[in-house]
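J.: Here's a sequence, model it:
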Amino acid sequence: MSTEPAATFAEYRARKRRNRRTVHILLEPQLGEDHAALRDAHRLAIAQDMRTNERPRAPAIAAEIAELEERIKASRAPFIFEALPRLEYDKLLDDHPPREGDEDDKRLGFNADEFPPALFAACAVADECPDCGLTSPTLTEGDARALWDEWSSAEVSELLTAALAVNKAPRTVAFTAAGSASTNGSG
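T.: Residues are numbered from 1 along each chain as shown. Modelled structure (predicted):
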């Protein structure tokens, strides 16, 4: 039995952090296609270099990949979404109810044209991305509407998945048996 005093709710409340998710969108998507093609060419060049007695091609392609990866890093734009307090999220849903007669809206539980941009604007936070070191932007409602209307379905779907997940998906940690054995006194 622990001799430490029980934690108080005030202590938990002070320590509690909101769920966050980061999505990186490639502002120049062709770079991703170019990268995939170069990786394929590199694999083939390695195999060919091993079979032939010619000047190796793989090192030059590897150098091209390294250069392209620097361009990709410069083209990545981070978006960080942070969970809203429950009542604020519920109000946002109430403000964007499903449209009458729209089966997609009914299935989703919100207006599929209006809720996502409102959610983006409400959840996007300006902070340094721990993965890339760049600062993610906040989004005004106008920014979020432009993003929703102008970007590809794949891109906005990825952003929407993250914004919904921070608000709806529980965050749990699956402990391993080995790790649990060292912390639960049974080791």
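J.: can you give me the helices for this protein?
T.: 9-15, 30-51, 58-75, 86-95, 103-108, 115-123, 141-150, 153-168, 177-183 (DSSP state H).
J.: of these, which approaches Arg21 most closely?
T.: Closest approach to Arg21 among these is made by helix 153-168 (4.0 Å; C-beta to C-beta). In this view, the C-beta of every residue, glycine as well, is placed from N, C-alpha and C.
J.: one step back: which of the helices of the chain is buried the deepest?
T.: helix 115-123 (a mean of 23; mean count of other C-beta atoms under 10 Å).
J.: Report all helices and strands that it contacts.
T.: Packed against helix 115-123 by the contact rule (3 or more C-beta pairs under 8 Å, 6 or more residues apart in numbering; DSSP states H and E) you find strand 76-82, helix 86-95, helix 141-150, helix 153-168.
J.: hmm, back to that, with respect to Cys129, which of the helices of the chain lies nearest?
T.: helix 58-75 (11.6 Å).
J.: distance between that closest one and the chain's centre?
T.: 23 Å (C-alpha atoms, centre = their mean, to the nearest Å).
J.: Go ahead and flag the most central residue of this structure.
T.: Val23 (2.7 Å; C-alpha atoms, centre = their mean).
J.: show me what contacts it?
T.: Pro78, Phe79, Phe81, Glu158, Leu159, Ala162 (C-beta atoms under 8 Å, 6 or more residues apart in numbering).
J.: now those in TSV, with pLDDT and distance to Thr52?
T.: Formatted as TSV, those follow (pLDDT from 0 to 100; distance: C-beta to C-beta, whole Å):
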residue	pLDDT	distance to Thr52
Pro78	96	43
Phe79	97	46
Phe81	97	50
Glu158	96	42
Leu159	97	46
Ala162	96	47
